[in-house]
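1. pasting the structure only:
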């Protein structure tokens, strides 16, 4: 059973596969469906540094134990601030059939995570965080 069916509302399943979410990217495809996350012009996003990504991934596994039971590999984690003000973590994997491309496996409301204020200050432009 896929983790998204076990955690409705908390975990949004992935849907397509596109590029790694670097600040210049505008979309990320899901690893498991035809969905795509599209970044709007007013959105901000940044790939977490390895130490921060490891800490956030560990918290994902702690908060949602079913992920650990099912296996939840993550290559990178993106912090996404939507124009609406919502902050989201995007879990990425290297695409299984496309070199130098990542796809997303899940998204998480970042507001539920410890130290999100610090990560927002570290990775996002302050003029856009109101």
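-> Noted; the coordinates are in hand. Predicted model only: the values in this text are computed from it and were never measured.
2. who's in contact with the longest helix seen in the chain?
-> Longest helix of the chain, by residue count under DSSP state H: helix 50-63. For helix 50-63, the surrounding residues in contact (C-beta atoms under 8 Å, 6 or more residues apart in numbering) are 47-48, 67-68, 72, 74, 76-77, 89, 91, 108, 112-115, 119, 122. For the C-beta atoms, the positions are set from N, CA and C on the backbone; glycine is no exception.
3. and that helix, which residues are buried?
-> Neighbour-count burial for helix 50-63 flags 52-53, 55-57, 59-60 (criterion: 16 or more other C-beta atoms under 10 Å).
4. please state the offset of that helix from the chain centre?
-> 11 Å (C-alpha atoms, centre = their mean, to the nearest Å).
5. after that helix, which helix or strand is next? Please name it.
-> helix 65-70 (DSSP states H and E).
6. tell me how far that next one is from the chain's mean position?
-> With C-alpha atoms, centre = their mean, you get 17 Å for helix 65-70.
7. and the helix or strand following that helix, what does it pack against?
-> Sequence order places strand 76-81 as the next helix or strand after helix 65-70, per DSSP H and E. Other elements packing on strand 76-81 under the criterion 3 or more C-beta pairs under 8 Å, 6 or more residues apart in numbering; DSSP states H and E are strand 44-47, helix 50-63, strand 87-94, helix 116-123.
8. give the rounded mean pLDDT of the third one.
-> Right, the one you point to is strand 87-94. Averaging pLDDT along strand 87-94 yields 95.
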